[in-house]
Each structure stands twice: as C-alpha cells, then as structure tokens.
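**Q** Any chance you can model this:
(one chain, ligands or ions: 1)
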Amino acid sequence: MQKRTFLHTALAVGLVGASGLGLAQDNVFKIGLVLPMTGQQATTGRQIEAAARLWMAQNGDTVAGKKVQLILKDDTSLPDMTRRLAQELIVNEKVNVIAGMGITPSAMAVAPLATQSKTPLVVMAAATSSITQASPFIVRTSFTLPQASVALADWAPKNGIKKVVTLVSDYGPGIDAEKYFTERMKFNGAQVVENLRVPLRSPDFAPFLQKVRDIKPDALFVFVPSGAGTAVMKQFAERGMDKAGIRLIGTGDVTDDDLLNDMGDVALGVVTSHHYSAAHPSAANKKFVDAFMKANKGLRPNFMAVGGYDGMRVIYEALKKTGGKGGGTALLEAMKGQVFESPRGPMFIDAQTRDVVQNIYLRKVEKKDGQLWNAEFDVIKDVKDPGKTK
Ligand code: PHB
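**A** Alright, predicted model coming up:
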C-alpha cells in the first residue's frame, strides 16, 4: 500500500517535470512586472517596484493559499523589449498577470499578447486614454491625461490665465494632454495661441522656450513624462520666463514628487492638476508615505508608486475573490468594479471601461519645513476619463 502510493507520487512528479507544469506551479501565483528600471524612465521603474514590494511586505505573499511571486523585468522603456519580455513571461513563466508598463508605447506593444493569451494586463503607469481600448484584458490603475488636463483648463481662465501656449512630449499622453487642455480652454473662452511638441527621447527644450518667451502668453502649459520635469523647470528659470511674467502650469507629471525637492525655488507657486500628491492629507496617505519612505531610504513616493501600489491591491483582491480558479478571464472579471480607498483618495475601476475613476486635485507647489510639496487646494470628485467615447 505504502509502496503503491510512493510509486504513484513518483510518477506524478515525473509527469510534472516533463510537462513543465505542475503541482508546485498550481500553488504559485506569478505576477510579471515589466518596467523601465534603467534609461530615461528609470524613476518610474524604481517607484513602482518599491511600491509593489511595499504592498507585499504589508500584505504578505500568500493569497488564497497561493504563494505570490513577483518577477521583475527591465524593458529600458523600449516597446520592442517590453513585448519580448512579456511574451517570455506569458509563454515560459506562465505568469497569471502582466503588470507595469512605464510608457504608452510599451502598453500598446503588450496589449495584443494580453488578448491572445487571455492574461490580465494591469497598467500601473502609462496614461494615454486609448490604452484600455487596445485590449479587453487591460485594467488601469494609473490615470489618463484627459482626466488630469481638463480640470486645469477649468481653473486657469478663472485665475487670470486667458492666453496660453502648450508644450508637450510628442507621443500619446502629450497629444492627449494638448488636445483636451486646448479644447477645454477654448470652450471656456480662453485662447491657446500655439501648440508646441518636443521629442520624447532626449528633448532639448531651449528653442521651444525661446519661442514661448517671444509670444509672451499668460502661461505655458506643460506635459512631460515623469522623470523629465526637472529639465523643463530649470530651463524655464534659466531663460527668465518667470521673471518675464509667464506662469508655468501643467499636469502633475511636471512637478513629480520624485524630483520636486531637487527642482529648487523655481517650482514655488507652480499650479498643476493631478490624481496624486504625496502631501494628500488623509490618514491612509500619511501611512503610505511614511512606510514607503522608511522602506526606501527616505525616497518620497510619487504618482507612479501609487499606481503600482493600487495595481497590486487590485490583483490581490481579484485573486482572493476567485481563489485563483477560472484563469485569466475570471481574474479579469474580479478586477472590474473594485472600489477602495487609495492613498490618492477614493477610486474605482469602472467595470465597463476597465479604467480608473478618481478625484483630480488642483495643487500648488509650496514650501513646508524646508521641503517642496504639491499642496492640494481644490478637488473635482469622481472624474471619469473624458477620452472615452463609450
Ligand atoms: C505614458 O507614456 O503614458 C506616460 C508616462 C509618464 C507619465 C505619463 C504618461 O508621467
């Protein structure tokens, strides 16, 4: 009897070894996290990795009886690399979820793989409106540029800003920001006299800023991706734009909490709109910021970290709900409609669009105890992505 059991087990283990699937695998839940850990978008990777690890440290690595395994890959923010890494993770590692996606072209490159393999893709950073329409398996926990831009275009004309030039990175999120900000400004009776676009890779802002100086608008509206804000801010100051009476406004990507303290006083008074500030005055956020800084040598979390942290929550809750049964489709269904309090404030995943609905805050850079913060001074509640047509 004992011998038979042993043989039986040995046979089973043998088969498992041969097929590459198996008993051990059944008890593991794999999250393939693809992020830019090096290169121009490295701050995004650093923030999201730290946030995902914090989530796991706080919530454990066993969910619904399964051991959660995070497999991190560096795509250096090159979309061909993102696609290749995601393919390996899906085919060889048999991950249950793909997550991360530091920039829009990365998310777009992986979308067809998510659809074909029925693997949920949790977009934690990329923010072009149309991303969620690229695959029915995409769920987003970051934000969208139309969501962030419209609020600022409602605020600006009421605050003496009637004539604006826009300056955006020339790709998906920048074009969304330009379009939604410009249309809304015009709708509000203000003027947008010029739309300028700078290349995503190694941008030189100088000639564009010179042009803005010559036009002399009330304000310059800026979108650059997380990590690039310091360069804009420094060159803005060097050219004496602020002294010439031109205000800088933008989405919160430009006064990114990861970089803000190093920008110096030129950032003081800059008004932005966004879904997350490390200064958000809630108990949940204070707890998050303290824990994040403690675990990361004083690094302040930015909006990318929050996208990663909440993305992990969405994955954990879906796994709890399904017990890991029913594969990618069941997991995806369990991600839809989740409602919770994030460090950013209340948010939910719209079951229809799979996109995030959240508060958008107006913020002004202020100094407190010698540090720069995006201090929130107004809120527009429960903002859906205005870029969605259905
Ligand atoms: C994007 O590529 O979608 C992206 C990247 C960084 C941001 C916002 C959007 O800060």
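**Q** So for the longest helix along the chain, what gets flagged as buried?
**A** Ranked by residue count and defined by DSSP state H, the top helix of the chain is helix 303-322. By 16 or more other CB atoms under 10 Å, the buried positions in helix 303-322 come out as 303-319, 321-322. All C-beta spots, glycine's among them, are computed from the backbone N, C-alpha and C.
**Q** The residue in the stretch 251-390 of the chain that the ligand sits nearest to: what secondary structure?
**A** The nearest approach of the stretch 251-390 of the chain to the ligand comes at residue 253, 3.8 Å away (CB to the nearest ligand atom). Reducing the assignment at residue 253 to three states with DSSP: H, G, I helix; E, B strand; the rest coil gives coil.
**Q** sorry, back to before: now the longest helix of the chain - C-alpha only, PDB.
**A** Taking C-alpha atoms only, helix 303-322 is exported to PDB below (Å, rounded to 0.1, in the frame of the first residue of the first chain):
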ATOM      1  CA  PHE A 303       2.100  59.100  -8.600                       C
ATOM      2  CA  MET A 304       3.800  56.200 -10.200                       C
ATOM      3  CA  ALA A 305       4.300  54.500  -6.900                       C
ATOM      4  CA  VAL A 306       0.600  54.900  -6.100                       C
ATOM      5  CA  GLY A 307      -0.300  53.300  -9.500                       C
ATOM      6  CA  GLY A 308       1.800  50.300  -8.600                       C
ATOM      7  CA  TYR A 309       0.600  50.000  -5.000                       C
ATOM      8  CA  ASP A 310      -3.100  50.100  -6.100                       C
ATOM      9  CA  GLY A 311      -2.400  47.800  -9.000                       C
ATOM     10  CA  MET A 312      -1.100  45.200  -6.500                       C
ATOM     11  CA  ARG A 313      -4.200  45.700  -4.400                       C
ATOM     12  CA  VAL A 314      -6.400  45.100  -7.500                       C
ATOM     13  CA  ILE A 315      -4.500  41.900  -8.300                       C
ATOM     14  CA  TYR A 316      -4.600  40.600  -4.700                       C
ATOM     15  CA  GLU A 317      -8.300  41.300  -4.300                       C
ATOM     16  CA  ALA A 318      -9.100  39.500  -7.600                       C
ATOM     17  CA  LEU A 319      -7.000  36.500  -6.500                       C
ATOM     18  CA  LYS A 320      -8.800  36.500  -3.100                       C
ATOM     19  CA  LYS A 321     -12.200  36.600  -4.900                       C
ATOM     20  CA  THR A 322     -11.500  33.900  -7.400                       C
END
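**Q** So what's the gap between that helix and the chain middle?
**A** Computed by CA atoms, centre = their mean, to the nearest Å, the chain-centroid distance of helix 303-322 equals 12 Å.
**Q** got the angle for whichever helix or strand comes after it vs helix 303-322?
**A** Going down the chain from helix 303-322, the next helix or strand is helix 327-335, by DSSP states H and E. Helix 327-335 runs at 110 degrees relative to helix 303-322, counting by axes from the mean of the first three to the mean of the last three CA atoms, to 10 degrees.
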